[in-house]
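Participant: Fold the following, please.
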Amino acid sequence: MYFEQFYLTCLAHASYMIGSGGEAAVVDPQRDVDIYLHAAEEQNLKIRHIFETHLHADFVSGHKELAARTGAKIYIGAKAAAVFAHVPLNDGFEVKMGAVKIRALETPGHTPESICLVLTDEALTNEVLTGESEARGGSAGQPCAVLTGDTLFIGDVGRPDLSRSHTPRQLAGLLYDSLHQKLMALPDAVKVYPAHGAGSLCGRAMRTERSSTIGTERLTNYALQIASREEFIAQLTTNLPARPEYFLEDAEINRSGAATLTELPTLPALSPAEVEALLQQNADADVNVHNNVRNNVLDVRPGDEFAAGHVPGSISIALSGQFASWAGGILGIHSQPVLIGDSDAQIEEARLRLARVGIEELRGYLAGGLTAWQMAGLPVIRTPQISPQELNQKLSSGTIRVADVVDVRREGEWQAGHIPGVACRALDTFPQGLPAIDREASVAVHCKSGYRSLIACSLLERAGHRNVINVAGGFDAWHGAGLPEVAEQLAKA
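Facilitator: Alright, predicted model coming up:
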């Protein structure tokens, strides 16, 4: 059996290809599908099957384009109500490819139509899976792996609030049943391969590993340690991270199937004067909520470059991090941004990544980038950066008040350790409204390492805050310097 995981860091998304007997199946494909076509060619495989474990909410899938280019069938849970040509999946449905069997398990919970795929290699030996560092578990005729979609993650389970037809409590109850009656019934040696990893908003406490085993998750996954169904429901529906507005929209796109990437319109090159005119139109808008902003200018350069100088009113979301997820969450998929980058290659990369989450309509890009802007005599502003030690000194001297330090990490990160007296104001919540802070006060913003905090700094600057400071290195650097911190449970004492 050929087996390969394709991990897209920008979305913390894992897709898979399985092959045997000259045929291949792709599971949960990303939108740009050439990667699978190239892999299949290298392995002398024909892609005949495309599986979707559910209607993905955090990215636009390439299942329709991949099917059109290969002639493969698309398989998805029967409850998905998909409107493209597909084979509906129910419990026990099997596809056979050479020595490999792929069996569907209906596992509702993350979404009503969620399925998992159990792999059995009838010619199983002690050879290693392609791309894996350890031997496959199990024996001939026994399951060797399960692709769990967003039902079971490494260290976590799927969030239960992504359905229009079911309440979070209803889905959480279904998820409990799916985990304990279906997945935990598999042998401990079965390898677990989820559709997302750490950083994805489809869960909240994923570990950084990209695979595990049923036995390991049985012992270490917090959600599988919860004693009762009712307690599971209570915990799974409490303190969920904010759900980006685009999630339900992406699920609907995937229900009908997205257009091919070649159908995207040409991206216009805009002059500095044209970009300035667009930004000027925002002057009378309420920029405290992004939906009221008519013209978003998105700077995709590295954070340090943005901090050193940028177009006033532009938003920093650097390509180096989980760019697509944050762009979708902060801007929304109908935002039609103007891009600013250092090179044509950077602009093209940004455009592709935006399309992966459904942001297809762009106003254009700033021709010549920041250099052209400056040559046109237009103003550039910078975002000051300070070290954690400098922040500590400013807090001690009263130059910056504790109330004006903004920690934009998520609740779980904040609970594990934070600067004493500093509240959690997760970046995920900014689209609903920015923190209520005096626009003239000195505001210091930090996250874990500095990526999210620069996004937050740019949003505060755009809203009119005059003295925004980024804490370089974030809480990781604060902790590494041995500066005062407190955990949430200690703060309650």
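Participant: Tell me which stretches of the stretch 251-400 of the chain form helices.
Facilitator: 272-280, 303-308, 323-331, 344-356, 369-375, 388-397 (DSSP state H, counting those that start in this stretch).
Participant: Now do the shortest one: which elements does it pack against?
Facilitator: Right, helix 303-308. Contacts defined by 3 or more C-beta pairs under 8 Å, 6 or more residues apart in numbering; DSSP states H and E place helix 303-308 against helix 451-462. Where you see a C-beta, it was placed from the backbone N, CA and C, and this is true even at glycine.
Participant: now the helix it packs on and helix 323-331, what's the angle there?
Facilitator: 30 degrees (axes from the mean of the first three to the mean of the last three C-alpha atoms, to 10 degrees).
Participant: distance between helix 451-462 and the chain's centre?
Facilitator: Mean-position distance between helix 451-462 and its chain equals 19 Å (C-alpha atoms, centre = their mean, to the nearest Å).
Participant: now what about it, what contacts it?
Facilitator: 282, 287, 290, 293, 299, 303, 306-307, 310, 312-318, 320-321, 326, 330, 381, 383, 406, 408-409, 427, 430, 434-435, 437, 443, 445-447, 468-471, 474 (C-beta atoms under 8 Å, 6 or more residues apart in numbering).
Participant: Mind doing that once more with 7 Å?
Facilitator: 287, 303, 306-307, 313-318, 321, 326, 330, 383, 406, 408, 427, 430, 434, 443, 445-447, 468, 470-471, 474 (C-beta atoms under 7 Å, 6 or more residues apart in numbering).
Participant: circling back to that earlier point, just say which of the helices of the stretch 251-400 of the chain is most tucked in.
Facilitator: Burial of those is given as mean neighbour count (mean count of other C-beta atoms under 10 Å); helix 323-331 ranks first at a mean of 25.
Participant: what about that one, distance to the chain center?
Facilitator: Distance, centroid of helix 323-331 to centroid of chain: 9 Å (C-alpha atoms, centre = their mean).
Participant: Taking helix 344-356 as reference, get the angle to it.
Facilitator: 70 degrees.
Participant: which helices and strands sit right next to helix 323-331?
Facilitator: Applying 3 or more C-beta pairs under 7 Å, 6 or more residues apart in numbering; DSSP states H and E, one finds that helix 323-331 contacts helix 344-356.
Participant: Could you rerun that using 8 Å?
Facilitator: Secondary-structure packing of helix 323-331 (3+ C-beta pairs under 8 Å, 6+ apart): helix 246-256, helix 344-356, helix 451-462.
Participant: quick revisit: now the helices of the stretch 251-400 of the chain in JSON lines, please, with extra columns for mean pLDDT and distance to Gln30.
Facilitator: Output for the helices of the stretch 251-400 of the chain, formatted as JSON lines (pLDDT from 0 to 100; distance: least, C-beta to C-beta, whole Å):
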{"stretch": "helix 272-280", "mean pLDDT": "94", "distance to Gln30": "31"}
{"stretch": "helix 303-308", "mean pLDDT": "97", "distance to Gln30": "25"}
{"stretch": "helix 323-331", "mean pLDDT": "94", "distance to Gln30": "10"}
{"stretch": "helix 344-356", "mean pLDDT": "96", "distance to Gln30": "6"}
{"stretch": "helix 369-375", "mean pLDDT": "97", "distance to Gln30": "28"}
{"stretch": "helix 388-397", "mean pLDDT": "96", "distance to Gln30": "37"}
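Participant: Compare those and give me the one nearest Thr167.
Facilitator: helix 323-331 (23.0 Å; C-beta to C-beta).
Participant: got a list of contacts for the closest one?
Facilitator: 10-12, 58-59, 199-201, 244-246, 250, 290, 296, 298, 300, 315, 317, 337, 350, 353-354, 356-359, 427-428, 430-431, 452, 455, 459.
Participant: Name only those of those residues that count as buried.
Facilitator: With burial judged by 16 or more other C-beta atoms under 10 Å, the buried subset of these is 10-12, 58-59, 199-201, 244-246, 250, 290, 296, 298, 300, 315, 317, 337, 350, 353-354, 356-359, 427-428, 430-431, 452, 455, 459.
Participant: neighbours around His196, how many?
Facilitator: By other C-beta atoms under 10 Å, 28 other residues sit near His196.
Participant: same thing with Asn470?
Facilitator: Residues near Asn470, counting by other C-beta under 10 Å: 26.
Participant: That one: what's it in contact with?
Facilitator: With C-beta under 8 Å, 6+ apart, Asn470 has these contacts: Ala307, Thr383, Pro384, Gln385, Ile386, Ala444, Val445, His446, Gly450, Ser453, Leu454, Cys457.
Participant: Touching, Val118 and Glu106? I think so.
Facilitator: No. Using C-beta atoms under 8 Å, Val118 is not in contact with Glu106; the gap is 11.8 Å.
Participant: Out of the contacts of helix 451-462, name the ones that lie in strands.
Facilitator: Ile315, Ser316, Val406, Val443, Val445, His446, Val468, Asn470, Val471 (DSSP state E).
Participant: Include pLDDT and distance to Arg210 when you put those into a markdown table, please.
Facilitator: Listed next are the ones in strands among the contacts of helix 451-462 as a markdown table, based on pLDDT from 0 to 100; distance: C-beta to C-beta, whole Å:
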| residue | pLDDT | distance to Arg210 |
| --- | --- | --- |
| Ile315 | 97 | 30 |
| Ser316 | 98 | 28 |
| Val406 | 97 | 32 |
| Val443 | 95 | 37 |
| Val445 | 98 | 31 |
| His446 | 98 | 28 |
| Val468 | 97 | 36 |
| Asn470 | 98 | 30 |
| Val471 | 98 | 30 |
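Participant: can I see the domain layout of this protein?
Facilitator: Annotated domains of the chain cover 2-254, 264-375, 385-492 [automatic domain parsing].
Participant: And Ala72, how close does it get to Asp407?
Facilitator: Noted for Ala72: a distance of 46 Å to Asp407, by C-beta to C-beta, to the nearest Å.
Participant: Looking at the two, which one has more neighbours?
Facilitator: Between Ala72 and Asp407, counting by other C-beta under 10 Å, Asp407 is the more crowded of the two (25 against 21).
Participant: Verify the contact between the more buried one and Pro420 for me.
Facilitator: No. Asp407 lies out of contact with Pro420 (C-beta under 8 Å); the separation is 11.3 Å.
Participant: Run through this protein and note the low-pLDDT ranges.
Facilitator: Scanning the chain for pLDDT under 70 picks out the ranges 124-140, 283-294, 489-493.
Participant: Helices of the stretch 101-250 of the chain, residue ranges please.
Facilitator: Using DSSP H, counting those that start in this stretch, helices in the stretch 101-250 of the chain cover 168-177, 214-220, 229-236, 246-256.
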